[in-house]
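Student: Sequence plus predicted model, see below.
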Amino acid sequence: MTTSLVRRQALNTELGRLERMLEIRAVEESIQTLYNDGHVRGSTHLANGQEAVSVGIASVLRPTDVVTCTYRGHAAALALGVSPEGVLGEICGRVIGCSGGMGGSMHLMDASVGLMPTFAIVGAGLPVAAGVALAAKLKKNDSVALTIFGDGSTNIGAFHETLNMASIFKLPIIFVIENNLYGEYTRINLSTPISDLADRADSYAMRKEIVDGQDIDAVIKSISAAVDFARAGNGPSLIEAKTYRFSGHSRADPATYRTPGELDEWKKRDPLDIAAAKLIKQGDLTEKDLEELKSTIGVRVAKAIEVVLASEGPSLDSLLQHVSASRK
Amino acid sequence: MTVMRTRQAVIQALSDELESDPTVFLMGEDIGSGGPFKATEGLIEKFGEERVIDTPISEMAFLGAGVGAAAMGMRPVVEMMFIEFIGVALDQLTTQGAFYRYLSRGAYEVPLTIRAAAGAGLGFGCQHSQILDQWFRGNAGISLVIPSSPQSMYGLLRSAIRSNDPVVVLEHKALYGERGEVVTGEAGIIPIGKANVVSQGTDVTIVAIGSTVHTARAAMESQSEWSAEIIDLQTLIPWDKETVMKSVAKTGRLVVVEESSYSGGWGTEISSEVVSQLWGQLKAPPHRITSPDAPIPYAQELEKRYLPSPEYVVSQITALLKTGKCPAPWWEGFKS
Ligand SMILES: Cc1ncc(C[n+]2csc(CCOP(=O)(O)OP(=O)(O)O)c2C)c(N)n1
Ligand SMILES: [Mg+2]
């Protein structure tokens, strides 16, 4: 069993899921320092604030199901099982990165847990996920495909073409919109004439649901229903998770365009706090346990960074390998 | 003459055209905020939302809208942010806009400019680092320019906007921060299709464009064994045959330095034309220095190695001059 699979199994408990969300937060928060120290190049897109969506999805899917996800993919990769070393190693271009250091922050992958290389072209993951679902249908297995993308991506042709085709073909696929209210620096209302994006399913006679993306239990419930529906051969669903990114779009973005007070309002609904409060209320966790958990995770991520920084970059041969079947 | 960065030259050129021609307008994602490279910063404040139009993430729709508006006599400047994004919209340019003049027998013309950041070197990974000139070559009806300096950015962008056909302007993202002196106004405009001879030399003609102009210049300045006539093509479609032929007829040797992968690169066409026209006058076979046939890697050392470096250009040219034969590219030794 790969480490990623073991990590995936850890999501079977509520505590395991909280722990993973805390880990994602700690990883995302470590990236700025890594960048300041010159270890990160190009662009990074953080998902802090959106952890419940990724972890909720990962705890429902089987490792044999397949996920396509955007460049905002650190959280999904960690949730699905990729280790902090695998994600941070990739972001730092090291050979221990989950794509061997060849992809960078926007291109994470782990075939052992069904994560296809995350895509950096808006909309690109939707048609591919439809193909994954089509293959499951043709092979007559009960795997499903799930594709994660943002609110802004619902304005690209690939979204509409794929929803229509998936509906007509009754494909076992779940479309998940992470509606974080912004596409790059543009607020959703300036680019899209409706506010509930799930409504776009209506044009394609598709099952739809809107879910509170800050509440992991709500996410799990909604994803489970869609996955069951797809596995049973009933076709696709469009799920809109209402969420918020606590960071700017990418590293270069200080997010000065936010409406005043908006970030603070959303921080009151931090998915980590919501999940922890529930466990505390249930008597499964104390405030003290939570503090200990946070510090253990902090230490774990710090260790992962040490391992990453001690790791080498990919070898020159890897530049020429795997370009085509004849160049393995 | 003012000293400015290449990204400021973009802003200056756009601003000057917006000012002088009321049919010019800009369209693209987040251009109002300046975009990820701040290459349109301040324009929405100056010219308003009707002439600097932020779009949804819908490249096919707004590139095609550029074609249609251009056919109606406007001069749209459509920004693709990163050139890869045109992949989801390509039909609107390559088989619609590019062919309308032909299909309408001249009744419709498409004075459309497409700007996009392109090129490798900054660690953006394989889907945000390509130069992609190869997507447009061989497509009748389109021009393509790749500026190498603030001056050529200013001059070529203004020409692109004034052109009565679609022009693709590939703005090298690694050059946005470069500073240089810029002559603005009419005197600063550079015609499409005209190369710039960067240095006079006798042993070899180096043909380059965009980022490789800098590579070629650094290569030449780092050694004293040979002298090179460096030609900055500036325009790739249509390229300036006259200037290249004149130079190679003088030096007897052609070396092309390309940023993109080996197979199908633009240097193949230059080399073939030089052989066809100057057969018998060449002292060595034309030689192409390119990147390998592989996607662009993220890891810093590999991306550096992927692109032709000045040291690599020096070693290749020195070997060519010494042996009279084309040296093998560095990756030959790695083929399995
Ligand atoms: C085809 C294409 N167009 C534009 C971009 C540039 N871009 C990258 S992310 C992004 C915003 C996407 O917003 P959204 O879908 O809401 O996802 P989020 O980033 O908020 O997760 C844009 C415009 C791209 N990568 N691909
Ligand atoms: Mg968004």
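Tutor: Received the coordinates, thanks. In this text, all values refer to a predicted model and were calculated from it rather than measured experimentally. Ligands and ions are numbered 1, 2, ... in the order given.
Student: Please name the residues that touch residue 284.
Tutor: Assuming you mean chain A. When contacts are counted by CB atoms under 8 Å, 6 or more residues apart in numbering or on different chains, A:D284 touches A:E14, A:L15. The way it works is simple: take the backbone N, C-alpha and C, and place the C-beta from them, glycine included.
Student: my bad, chain B
Tutor: Contacts of B:A284 (CB under 8 Å, 6+ apart): B:G252, B:R253, B:L320, B:L321, B:G324, B:K325, B:C326.
Student: rerun that using 10 Å as the cut-off
Tutor: B:203-204, B:251-255, B:317, B:320-321, B:323-326 (CB atoms under 10 Å, 6 or more residues apart in numbering or on different chains).
Student: can you count the residues close to the residue in the stretch 1-150 of chain A that ligand 1 sits nearest to?
Tutor: Residue of the stretch 1-150 of chain A nearest ligand 1, by CB to the nearest ligand atom: A:G150 (2.0 Å). Neighbour count of A:G150, defined by other CB atoms under 10 Å in any protein chain shown: 27.
Student: do the one 4 residues further on as well
Tutor: Under the neighbour criterion other CB under 10 Å, A:T154 is assigned a count of 28.
Student: Check the one residue in chain A that gets nearest to ligand 2 and give its pLDDT.
Tutor: Using CB to the ion, the closest approach of chain A to ligand 2 is made by A:G150 at 3.4 Å. At A:G150, the predicted lDDT confidence score is 98.
Student: Provide a list of residues in contact with the residue nearest in space to the middle of chain B.
Tutor: With distances taken as CA atoms, centre = their mean, B:I146 lies nearest the centre of chain B, 1.8 Å away. The contact partners of B:I146, by CB under 10 Å, 6+ apart, come to B:118-119, B:131, B:133, B:152-153, B:156, B:168-172, B:175, B:208-213, B:232-236, B:259, B:266.
Student: Also A:L197?
Tutor: A:150-155, A:159, A:177, A:179, A:188, A:208, A:210, A:238, A:240, A:242.
Student: Not counting its neighbours along the chain, what's nearest residue 134?
Tutor: By default, I'm working from chain A. A:L171 (6.0 Å; CB to CB, 6 or more residues apart in numbering or on different chains).
Student: Chain B was what I was after
Tutor: B:G264 (5.6 Å).
Student: Next, give phi and psi for the residue of the stretch 1-150 of chain A closest to ligand 1.
Tutor: phi -100, psi 170 (degrees, to the nearest 10).
Student: What residues does the stretch 51-200 of chain B have near ligand 1?
Tutor: Residues of the stretch 51-200 of chain B that fall close to ligand 1, judged by CB under 6 Å from any ligand atom: B:I57, B:E59, B:M81, B:F85, B:V88.
Student: burial count for the second one?
Tutor: What it means is B:E59. So B:E59, with other CB under 10 Å, has 27 neighbours.
Student: who are the neighbours in contact with it?
Tutor: Applying CB under 10 Å, 6+ apart, the residues contacting B:E59 are A:121-123, A:155-157, B:28-29, B:78, B:80-81, B:85-90, B:92.
Student: Local confidence estimate at B:K241?
Tutor: On the pLDDT scale, B:K241 gets 98.
Student: ok, now which ones touch it?
Tutor: B:G193, B:A195, B:I270, B:E273, B:V274, B:Q277.
Student: out of the residues you listed, which are buried?
Tutor: B:G193, B:A195, B:I270, B:E273, B:V274 (16 or more other CB atoms under 10 Å in any protein chain shown).
Student: interface residues of the stretch 1-150 of chain A facing ligand 1?
Tutor: A:T70, A:R72, A:A120, A:I121, A:V122, A:F149, A:G150.
Student: Could you count how many residues lie near A:I194?
Tutor: Neighbour tally, A:I194, other CB under 10 Å: 11.
Student: gap between A:D270 and A:G248?
Tutor: 17 Å (CB to CB, to the nearest Å).
Student: ugh, typo on my part, it should be B:K194
Tutor: B:K194 is 42 Å from A:G248, by CB to CB.
Student: Name the nearest residue to B:P286, ignoring sequence neighbours.
Tutor: In space, B:P286 is closest to B:S271, 3.8 Å off (CB to CB, 6+ apart).
Student: nearest residue to B:F99 other than its sequence neighbours?
Tutor: B:G141 (5.7 Å).
Student: same question, B:R101
Tutor: B:E109 (5.2 Å).
Student: can you tell me the helix or strand for the one you found?
Tutor: According to DSSP states H and E, B:E109 maps onto no helix or strand at all.
Student: Run a quick neighbour tally on it.
Tutor: So B:E109, with other CB under 10 Å, has 16 neighbours.
Student: right, and it touches B:A71 too?
Tutor: Yes. Counting by CB atoms under 10 Å, B:A71 is a contact partner of B:E109 at 7.3 Å.
Student: Was I right to think B:L103 contacts B:A71?
Tutor: No. B:L103 sits out of contact with B:A71 when judged by CB under 10 Å, with a separation of 11.1 Å.
Student: So these two - more neighbours on which side?
Tutor: Between B:L103 and B:A71, counted using other CB under 10 Å, the more crowded position is B:A71 (19 against 11).
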